[in-house]
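1. okay, here's the prediction I keep looking at, along with the sequence it came from:
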Amino acid sequence: MLIYKTFEEFNRFFHQPMHYPTIEDIEIYLRNKDAGAFSVISEIYYKVLPQYLPKEIEDKFGEENDPFDISKYPYYYKVKNDENIDDGTLNISDRKSFSKFAEKLLMDYKKNGEKWEIKRIDDFIENINRYAEDIDGYYKNMNFETSAETPTWRIFAQILKGATVYE
């Protein structure tokens with residue numbers, strides 16, 4: 001019912017262009033992972049649908065010959081090189097800049113830790129491990145021409161940052 005009602009609401013909103021005369025109207029409607037339509041999409045994708053996905057299908061995701069891989073990206077995806085990844089890690093290129101990044105991450109946790117997905121250190125370390133394993137998938141999904149096979153200080157920072165929100 002949640003999936004049906006969600007699509008019903010999307011249809012109701014997008015069916016009538018008077019509902020979204022400006023881009024701001026769409027941004028308000030979609031919001032983010034904590035509120036609005038995107039939060040519902042995220043909940044369905046990460047929490048509801050996996051309950052109904054057969055194990056033999058789930059196991060095929062991420063395989064080298066993934067039968068579900070969509071190699072042609074939609075029009076709104078543009079190939080992005082490393083410099084176009086706008087995640088706050090662009091200028092991390094050495095130990096000193098990584099250390100400053102880690103300091104800022106700690107300050108953000110002290111200030112906004114209650115908003116982080118992660119609440120415990122063991123969950124954070126587990127997410128570091130999982131995100132390190134999946135970061136190439138992130139690059140592929142975002143159509144970045146980047147590989148984590150040759151680690152850099154920036155990739156380490158991206159793994160730490162990603163681990164704060166990884167589900």
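-> Looks like it arrived, so ask away.
2. show me the helices in this protein, by range?
-> Per DSSP state H, the chain carries helices over the ranges 2-15, 23-30, 37-43, 55-58, 95-112, 121-141, 153-163.
3. run through who's touching the second one.
-> Contacting residues not belonging to helix 23-30 are listed as 13, 19-20, 36-38 [CB atoms under 8 Å, 6 or more residues apart in numbering]. For every residue, glycine as well, the C-beta is placed using N, CA and C.
4. before we move on, what about the fifth one?
-> The set of residues that contact helix 95-112 without belonging to it, under CB under 8 Å, 6+ apart, is 88-89, 91-92, 116, 153-154, 156-157, 160-161, 164.
5. how far off centre is the worst-scoring helix or strand of the chain on mean pLDDT?
-> Least confident helix or strand, the chain: helix 55-58 with a mean of 78, by mean pLDDT, DSSP states H and E. Helix 55-58 sits 22 Å away from the centroid of its parent chain (CA atoms, centre = their mean, to the nearest Å).
6. against residue 161, how distant is the residue nearest to residue 36 when sequence neighbours are not counted?
-> Nearest residue to residue 36 in three dimensions, chain neighbours excluded: residue 30, at 5.4 Å (CB to CB, 6 or more residues apart in numbering). In this view, residue 30 and residue 161 are 23 Å apart by CB to CB, to the nearest Å.
7. repeat that for residue 88.
-> Distance from residue 88 to residue 161, by CB to CB: 7 Å.
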